[in-house]
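Asks: Sequence and predicted structure are below.
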Amino acid sequence: MPFYRKPREFTPLLIAAEKKAVKNGVHHAIFTSRFDRYVGDWKNDLKEGKGCFLTIGGKLCEGDWYKGFRHGFGTLSNRLPNGTFRLEYVGGWVRGKFEGVGWRYYDNGDVYFGFFKKGHKHGYGKMWYRDGTYYVGYWNESKKEGLGMFVQVDGNRYEGNWAKDVKNGLGRFYHMHTGQLQEGCWKENICIKSKMTDIIIRQFCDHPTEYPIPPQELKCARRILELSSLWFNQKLGDIDKKLKYCIDQMY
């Protein structure tokens, strides 16, 4: 019919306003209901790309974002009373948690450099403690686990196996002040069986023993160890050489 006219297609105002409200691209500042502030990229109403997020409590997160989470490379800092920021973490993130290689600076002065997984120290890493001690080796959920070396303040050091953050398994303890090497088996941080020998530099140590330890050998030492259930159940552990080389090159 000549007077018929096709109705104009239109989008309801409510839907149009909702589409316009979806954040995409770079925004100068977006505030949450608790007055946290985000400056950076958005995609489909989620933080995605490069951005900077400052919480009302003074935590500053800078770096990569993906689907609303810190994801990729980024830093975490804390605001001090004088207005400056102290770095807490720099490294990789996965869905809002530390993961990959990164540096972690603790409030008590400890520093860790190594691998993380789901926010925990996990894999090969190095830890510098505030009291002057040092650990390098493997971690499992922020606890020493596997092969590792721990250096005490006095210079003495332990090299060997760890489990649940304590010495456990086969290991060596170097008494650097007396010039002696203790090789044996540890259980829950206590040495339960060991052999003491002199190290080559014994005479150059601070307090060397007056007389060297005479060599002692068992006639059937290997056979005795094979029959010992304690030694038989110990695991020597392996070192991931590629992982170790990676972390050593980055430090």
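Replies: Thanks, I have it.

Asks: ok, residue 96 - contacts?
Replies: 69, 70, 71 (Cβ atoms under 8 Å, 6 or more residues apart in numbering). For every residue, glycine as well, the C-beta is placed using N, CA and C.

Asks: quick one: the helices in the stretch 101-250 of the chain?
Replies: Ranges of helices in the stretch 101-250 of the chain, per DSSP state H, counting those that start in this stretch, are 221-227, 229-232, 241-250.

Asks: can you give me the mean pLDDT across the second one?
Replies: This points to helix 229-232. For helix 229-232, the mean pLDDT works out to 60.

Asks: Tell me where this structure is predicted with low confidence.
Replies: 1-29, 31, 201-208, 210-251 (pLDDT under 70).

Asks: Apply 50 and report the result again.
Replies: 1, 14, 17-18, 251 (pLDDT under 50).

Asks: so which of the contacts of residue 96 comes closest to residue 186?
Replies: residue 70 (39.3 Å; Cβ to Cβ).

Asks: The closest one contacts residue 61, correct?
Replies: Yes: the criterion here is Cβ atoms under 8 Å, and residue 70 meets it with residue 61 at 5.8 Å.

Asks: quick one: which of those two has more around it?
Replies: residue 70 (24 against 21; other Cβ atoms under 10 Å).

Asks: quick one on the thing from earlier: same list, the contacts of residue 96, but as CSV with distance to residue 165 and secondary structure please.
Replies: Below are these laid out as CSV (distance: Cβ to Cβ, whole Å; DSSP: H, G, I helix; E, B strand; the rest coil):
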residue, distance to residue 165, secondary structure
69, 30, strand
70, 28, strand
71, 30, strand
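
Asks: In stretch 48-56, which residues have enough neighbours to count as buried?
Replies: Using 16 or more other Cβ atoms under 10 Å as the test for burial, stretch 48-56 gives 48, 51, 52, 53, 54, 55.

Asks: ok, and the closest non-adjacent residue to the last one?
Replies: To tie it back to what came earlier, the one meant is residue 55. Once flanking residues are discounted, residue 55 sits nearest to residue 36: 4.8 Å by Cβ to Cβ, 6 or more residues apart in numbering.

Asks: show me where the stretch 51-200 of the chain has strands.
Replies: 59-66, 69-79, 85-94, 97-105, 111-117, 120-128, 134-140, 143-151, 157-163, 166-175, 180-187, 190-198 (DSSP state E, counting those that start in this stretch).

Asks: Show me which residues of the last one are buried.
Replies: When neighbours are counted by 16+ other Cβ under 10 Å, the buried residues of strand 190-198 are found to be residue 198.

Asks: Output that strand in PDB with nothing but the alpha carbons.
Replies: Taking Å, rounded to 0.1, in the frame of the first residue of the first chain, the C-alpha atoms of strand 190-198 are listed here in PDB:
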ATOM      1  CA  ILE A 190      69.200 -34.000  63.100                       C
ATOM      2  CA  CYS A 191      72.200 -36.000  61.900                       C
ATOM      3  CA  ILE A 192      71.600 -39.600  62.900                       C
ATOM      4  CA  LYS A 193      74.600 -41.300  61.200                       C
ATOM      5  CA  SER A 194      77.700 -39.800  59.700                       C
ATOM      6  CA  LYS A 195      81.400 -40.000  59.000                       C
ATOM      7  CA  MET A 196      83.900 -37.300  59.900                       C
ATOM      8  CA  THR A 197      87.000 -36.500  57.700                       C
ATOM      9  CA  ASP A 198      89.400 -33.600  57.400                       C
END
